[in-house]
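Generate a structure from the sequence data that follows.
(one chain, ligands or ions: 1)
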Amino acid sequence: MYSRKVIEHFQHPRNVGEIKNPDGVGKVGNPICGDIMEIYIKVKANRIDDIKFRTFGCAAAIATSSMITELAKGKALEEALKLTRNDVAYELEGLPPIKMHCSNLAADGLHKAIENYLKKTKKGKGKESQVSGLLDGGEG
Ligand code: FES
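Alright, predicted model coming up:
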């Protein structure tokens, strides 16, 4: 079943909500379970200054969203892009195998928000191959 930490993050999720005028937004969904996640970021000096999420999904989707915001906050964009679903699951003291895709949703949402920021600021040009390389390699 769920770990103590998953239950705690599900009951008291961190960084819930929406950021007005975000620098980047990542929207992801899983067509099989129907869960939807949105991650909003504010970027300052190449770091994630603020991050919030809105998730319509299962307990694990809420807990993984909460955890990814904690892991990403304050990190340099390059470091945040390296966060994988395994990092999220590890920090939550594990997830049932059937719920691992929920942590994928959180990592994908964060990566998409950063990609969105890079595209908007045009910093993505030339970095895009690097970004997608990180994303391809980071899904575990
Ligand atoms: Fe699909 Fe949790 S059951 S995200």
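
Check which residues of the helix or strand encompassing residue 53 are buried.
Using DSSP states H and E, residue 53 sits in strand 47-56. Using 16 or more other Cβ atoms under 10 Å as the test for burial, strand 47-56 gives 47-48, 50-53, 55. For the C-beta atoms, the positions are set from N, CA and C on the backbone; glycine is no exception.

Return the member of these nearest to residue 21.
Nearest to residue 21 among those is residue 50, at 11.2 Å by Cβ to Cβ.

Next, find the distance separating the closest one from the ligand.
24 Å (Cβ to the nearest ligand atom, to the nearest Å).

excluding its backbone neighbours, what's nearest that residue?
For residue 50, ignoring the flanking residues on the chain, the nearest one in space by Cβ to Cβ, 6 or more residues apart in numbering is residue 42 at 4.0 Å.

and the end-to-end length of stretch 78-88?
Stretch 78-88 has an end-to-end distance of 17 Å (Cα to Cα, to the nearest Å).

picking up where we left off before, and the residue nearest to residue 50, what is it in contact with?
Contacts for residue 42 (Cβ atoms under 8 Å, 6 or more residues apart in numbering) come out as 19, 22-23, 48-51.

got the angle for the helix or strand hosting it vs strand 47-56?
Here residue 42, judged by DSSP H and E, is contained in strand 36-44. Computed by axes from the mean of the first three to the mean of the last three Cα atoms, to 10 degrees, the angle separating strand 36-44 from strand 47-56 equals 160 degrees.

ok, and for strand 36-44, which residues are buried?
36-43.

Among these, which one sits closest to residue 8?
So of the buried residues of strand 36-44, ranked by how close each gets to residue 8 (Cβ to Cβ), first place is residue 37, at 19.2 Å.

returning to that earlier point: nearest to the ligand, of the contacts of residue 42?
The ligand lies nearest to residue 51 out of the contacts of residue 42, by Cβ to the nearest ligand atom, at 18.7 Å.

hang on, the earlier thing: please convert the buried residues of strand 36-44 to CSV, extending it with pLDDT and distance to the ligand.
Shown next, in CSV, are the buried residues of strand 36-44 (pLDDT from 0 to 100; distance: Cβ to the nearest ligand atom, whole Å):
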residue, pLDDT, distance to the ligand
36, 97, 9
37, 97, 8
38, 98, 13
39, 98, 14
40, 98, 18
41, 98, 20
42, 98, 25
43, 98, 26
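
Thanks again, I'm all set now.
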